[in-house]
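[1] What follows is a predicted structure for the sequence shown.
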Amino acid sequence: MPVPPDYIQKTAKKVLKDRATLPPSRQAGTRVGLARANQLARGDDIGLPILKRMRSYLSRARDNYDRAKAKGLNNKTSRAIQAYNLWGGPRALSWVNSQINKLES
C-alpha cells in the first residue's frame, strides 16, 4: 500500500496544528476529514478505497479551495482551505491519481 509523501504529511500536520489554535466555531472538518488528516500526518498506508475517497473529495472541493486562495485566505482564515488541507491539500490530487493508476493496473 502507498504511503503519503512527506509534502502531504507536512500539509496534514500543519492544518491539524493550525486548527487546534482556533476556536471551535472556526474549525473546519468532519470526523472523516479529521481521521484522514491524522492518517496522512502519521504516514499510514493508504489503501485503494481511501485513495478513491480522497480523489472524490479533492476533485469536488477544489473550486472552493481555489476561490478562497484567490482571496488571500489560509488555514486560519478559511474553513474551505482548512478542510481541503485536511485531505492533503492541492498537491495530493495528482499523487492520489498516480497511486490509483498504479494499483488498478
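    That came through, no problem. Numbers count the residues shown, from 1 in each chain.
[2] how about the nearest residue to Lys76, chain neighbours excluded?
    In this structure, Lys76 finds its nearest non-sequential neighbour in Asp18, 5.4 Å apart by C-beta to C-beta, 6 or more residues apart in numbering. Glycine gets a C-beta too; all of them are placed from N, C-alpha and C.
[3] Pretty sure Ile8 sits against Leu93.
    No: taking C-beta atoms under 8 Å as the definition, Ile8 is not a contact partner of Leu93, at 10.3 Å.
[4] out of the two, which sits in the busier spot?
    Ile8 (23 against 18; other C-beta atoms under 10 Å).
[5] right, and the helix or strand after the one helix or strand that one maps to?
    Using DSSP states H and E, Ile8 sits in helix 6-20. The C-terminal neighbour of helix 6-20 among helices and strands, as given by DSSP H and E, is helix 31-42.
[6] continuing past the top helix by length along the chain, what's the next helix or strand?
    If each helix of the chain is counted by residues according to DSSP state H, the longest one is helix 48-70. Under the assignment DSSP H and E, the closest C-terminal helix or strand after helix 48-70 is helix 79-86.
[7] any idea how far Ser59 is from the nearest residue to Pro2 once chain neighbours are set aside?
    Counting by C-beta to C-beta, 6+ apart, Gln99 is the residue found nearest to Pro2 once chain neighbours are left out, at 4.5 Å. Distance, Gln99 to Ser59, by C-beta to C-beta, to the nearest Å: 15 Å.
[8] ditto for Arg79
    Where Ser59 is concerned, Arg79 sits at a distance of 19 Å (C-beta to C-beta).
[9] still on that earlier bit, and Gln99 and Ser59? which has more neighbours close in?
    Shown here are Gln99 and Ser59; by other C-beta under 10 Å, Gln99 has more neighbours (20 against 12).
[10] Could you look up the SS state of Val3?
    Secondary structure, DSSP: H, G, I helix; E, B strand; the rest coil: Val3 is coil.
[11] burial of the nearest residue to it once chain neighbours are set aside, as a residue count?
    Residue nearest to Val3 in three dimensions, not counting chain neighbours: Gly43, with 5.4 Å by C-beta to C-beta, 6+ apart. Here the number of neighbours of Gly43 (other C-beta under 10 Å) works out to 15.
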